[in-house]
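**Student:** from the sequence below, what's the structure:
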Amino acid sequence: MIFDKFTNGYIFTLGAELELRILNKDDLSISNEYDYFKSNINDKYKNNITSEFLKSMIEINTPVFNNLQDLINYFKEIIKELNSLAKKKNLLLQSSGCSAIKQNNLELSTNNRYRELSHEHKILLDDFSICGLHVHIGFKNFDKALKAFNYSLCYLPIFVALSASSVYSNGIDTGIHSYRTKVFDRLPKASIPEYFKSYDEMKKVYDVLYNTEVIRSEKDIWWDVRIQPTFKTIEFRVCDAVNDFDRLEVIIGLFKVICKLSQVKETIYEPMQVLKQNMWKASRYSMDADFILNGKKLHIRDVINKLIDEAYEEKLITEEFNQKAKQIVSKNSISKDMIELYKQTNDLEEIERLGVFK
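**Tutor:** Predicted coordinates:
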């Protein structure tokens, strides 16, 4: 197996993967229509959608961008194209961490890799109708990427809080704002990784897993953040999927902020139990969570706002982004809005519709 110590990479380029759910318009039931979209989408977008674990899911893979707004505009363009196809078959496209209503028509993708995963993990993947957002940030070389990898570990919960959209799952009020995070955590190669001091230390882990046939390639590691030597990026995998373009812009922009700050700031090495506790709190309470940093109990909104302030002081973000980010931080999380809507309507279909792309 090759786990390259890459060089000659990219400098803070951006790419993202967003998973969508295909629903029937009339009753919001799952529709296993991925092949319809793949066959009929405009050729300019055909290479930028792929199958996912279920036939009722579409994954959008953006091209590589240097500019954040260009990436967001691309999402708007391709989703507009997908929506036009959806309307022709009385379908909807929806994006949230979990399907709020009970779905009974789930069909596994024909992809052999997904079938093998289903066989390996059994019941753990039985309710795997979850959608996430993955963000790639380019790095010039492996050492710079590793610095950002370590620096980001203590801040990953803020992105769970900002994206949390899965308090209702499969017809159940889980009480956990990002239940998708907990579904994924059940898998043996997922969740929060450890800190690594060097390339050799990280490669040793990959080599052991590869040589013992636990993994076949780098993509079989599903940590909340991982280095991708093939793409010369760090991939952040911790977010619920969201359909709010302003929130998407802020989340992706803050990932880039974390990566840039990592090159000029000292890494905070928190104990694993602290990392896990912060992740739990963010999953459970989203934007109302407590957060432990440097031995102090803080509010997660204060942690995020401090990061935004640091980025603005370092001239890493514009005034426009600064204001947009502060506005998103001041809002309820999507899960909190879901809870409030359900109290008013007692209707999970209304919750499901919150994630539909208009």
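**Student:** which strands or helices does the top strand by length along the chain pack on?
**Tutor:** Ordering each strand of the chain by length in residues (DSSP state E) puts strand 14-24 first. In this structure, strand 14-24 packs against strand 57-61, helix 68-88, strand 91-94, strand 132-138, helix 245-262, with contacts taken as 3 or more Cβ pairs under 8 Å, 6 or more residues apart in numbering; DSSP states H and E. The way it works is simple: take the backbone N, C-alpha and C, and place the C-beta from them, glycine included.
**Student:** in the shortest one, what's buried?
**Tutor:** Judged by neighbour count using 16 or more other Cβ atoms under 10 Å, the buried positions of strand 91-94 are 91, 92, 93, 94.
**Student:** can you tell me what sits against it?
**Tutor:** For strand 91-94, the surrounding residues in contact (Cβ atoms under 8 Å, 6 or more residues apart in numbering) are 20-25, 28, 31, 33, 58, 79, 82-83, 85-86, 243, 352-353, 355-357.
**Student:** can you do 7 Å?
**Tutor:** With contacts defined as Cβ atoms under 7 Å, 6 or more residues apart in numbering, strand 91-94 is touched by 20-25, 31, 33, 79, 82-83, 86, 352, 355-357.
**Student:** re earlier: and the buried residues of strand 91-94, which is closest to residue 117?
**Tutor:** residue 94 (23.3 Å; Cβ to Cβ).
**Student:** and the nearest residue to residue 54 once chain neighbours are set aside, what does it touch?
**Tutor:** Excluding the flanking residues, the one nearest residue 54 by Cβ to Cβ, 6 or more residues apart in numbering is residue 106, at 5.6 Å. By Cβ under 7 Å, 6+ apart, the contact list for residue 106 reads 30, 54, 56, 129.
**Student:** and which of the residues you listed is nearest to residue 142?
**Tutor:** Checking those one by one against residue 142 (Cβ to Cβ), the nearest turns out to be residue 54, at 34.1 Å.
**Student:** which residues does the closest one form beta bridges with?
**Tutor:** Judged by DSSP bridges, the bridge partners of residue 54 are residue 108.
**Student:** might one say that it is in contact with residue 130?
**Tutor:** No - Residue 54 is beyond contact range of residue 130, at 9.6 Å (criterion: Cβ atoms under 7 Å).
**Student:** circling back: which one of the contacts of residue 106 is nearest residue 221?
**Tutor:** residue 54 (21.6 Å).
**Student:** residues near the closest one, how many?
**Tutor:** Using other Cβ atoms under 10 Å, residue 54 has 24 neighbouring residues.
**Student:** now for the helices and strands packed on strand 14-24, which one comes closest to residue 283?
**Tutor:** Judging the helices and strands packed on strand 14-24 by Cβ to Cβ, what sits closest to residue 283 is strand 132-138, at 13.2 Å.
**Student:** tell me the strands in the chain, going along the chain?
**Tutor:** Going by DSSP E, the chain shows strands at 14-24, 49-51, 57-61, 91-94, 132-138, 168-169, 172-173, 190-191, 222-223, 225-228, 233-240, 290-293, 296-299.
**Student:** and residue 92, what are its bridge partners?
**Tutor:** residue 23.
**Student:** oh sorry, the question was meant for residue 298
**Tutor:** With DSSP bridges as the criterion, residue 298 is bridged to residue 291.
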